[in-house]
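Student: I would like the atomic coordinates for the input below:
(one chain, ligands or ions: 1)
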Amino acid sequence: DSGRLACEIPAGPWGSCVAEAGGSQPVSLPSSFALNMGRAGSDLALHFNPRFESHGDARIIICNSLQAGEWGEEQREPDFPFQLGQDAKICISFDAQELTVALPGEQQLKFPNRLGLEAIEFFSVEGDFRVKSIKFK
Ligand SMILES: C=CCO[C@@H]1O[C@H](CO)[C@@H](O[C@@H]2O[C@H](CO)[C@H](O)[C@H](OCc3cn(-c4n[nH]c(N)n4)nn3)[C@H]2O)[C@H](O)[C@H]1NC(C)=O
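Tutor: Below is the predicted model:
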């Protein structure tokens with residue numbers, strides 16, 4: 001079980017690195033997983049949703065915000081660095097302007113901090129993604 005640990009991105013001015021190592025399980029073909037963070041389940045600064053195959057999308061990362069239960073405009077990232085059954089290190093940091101997601105293979109993705117989030121008060125994981133470690137720095 002080669003769960004490697006978190007990444008070392010230093011905390012941003014506001015935020016911190018929410019580091020995660022996990023992996024999608026080869027047992028069942030996961031259609032997608034999601035990491036959600038923000039103030040509450042209905043107020044997310046970042047819904048980070050890699051889709052292997054779901055909603056008619058294949059191998060694309062969907063990022064969005066959720067404000068009072070309403071989805072914002074999706075940001076769609078076709079550069080898809082995940083492999084089924086492989087561990088993935090994902091590291092999220094943020095400041096007043098944007099959230100930065102460090103992905104496997106030195107890939108980086110940015111998403112505007114639409115909620116002006118200053119602290120992560122809510123964090124959830126959905127789908128076939130087994131979290132091996134989480135570190136708030
Ligand atoms: C073309 C038709 C209208 O557009 C579609 O509208 C859908 C509904 O809003 C969009 O799907 C939602 O997209 C949201 C982000 O913008 C969320 O991903 C939402 O799902 C929330 C969610 C995901 N998950 C989840 N992910 N993985 C697992 N296991 N569970 N649990 N709750 C999805 O149901 C979907 O991404 C969007 N597609 C396009 C191409 O825009």
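
Student: alpha carbons only for contacts and neighbour counts from here, please
Tutor: OK.

Student: pairing partners for whatever residue of the chain ends up closest to the ligand in the sheet, please.
Tutor: The minimum distance from the chain to the ligand, using CA to the nearest ligand atom, falls at Gly127 (3.1 Å). Listed beta-bridge partners, Gly127: Phe33 (assigned using DSSP bridges).

Student: thought it was touching Phe33?
Tutor: Yes - shown here, Gly127 and Phe33 form a contact pair, counting by CA atoms under 8 Å, at 4.3 Å.

Student: more crowded one of those two?
Tutor: Counted by other CA atoms under 10 Å, Gly127 and Phe33 do not tie: Phe33 has more neighbours, with 19 against 13.

Student: which residues of this protein lie near the ligand?
Tutor: Residues of the chain lying near the ligand by CA under 6 Å from any ligand atom: 32-34, 49, 55, 64, 71, 74, 126-127.

Student: which among these count as buried?
Tutor: 32-34, 49, 64 (16 or more other CA atoms under 10 Å).

Student: circling back to that earlier point, any idea how far the residue of the chain closest to the ligand lies from Glu73?
Tutor: As judged by CA to CA, to the nearest Å, Gly127 and Glu73 stand 22 Å apart.

Student: go on, Phe94?
Tutor: 19 Å.

Student: between the two, tell me which one has more neighbours.
Tutor: More crowded of Phe94 and Glu73, by other CA under 10 Å: Phe94, with 25 against 10.

Student: would you check that the more buried one makes contact with Ala102?
Tutor: No - taking CA under 8 Å as the definition, Phe94 is not a contact partner of Ala102, at 11.1 Å.

Student: and the contacts of stretch 104-114?
Tutor: Stretch 104-114 has contacts (CA atoms under 8 Å, 6 or more residues apart in numbering) with 45-46, 63, 65, 75, 81-82, 88-90, 94-103.

Student: would you mark the buried spots in that stretch?
Tutor: By neighbour count with 16+ other CA under 10 Å, stretch 104-114 contains the buried residues 110-114.
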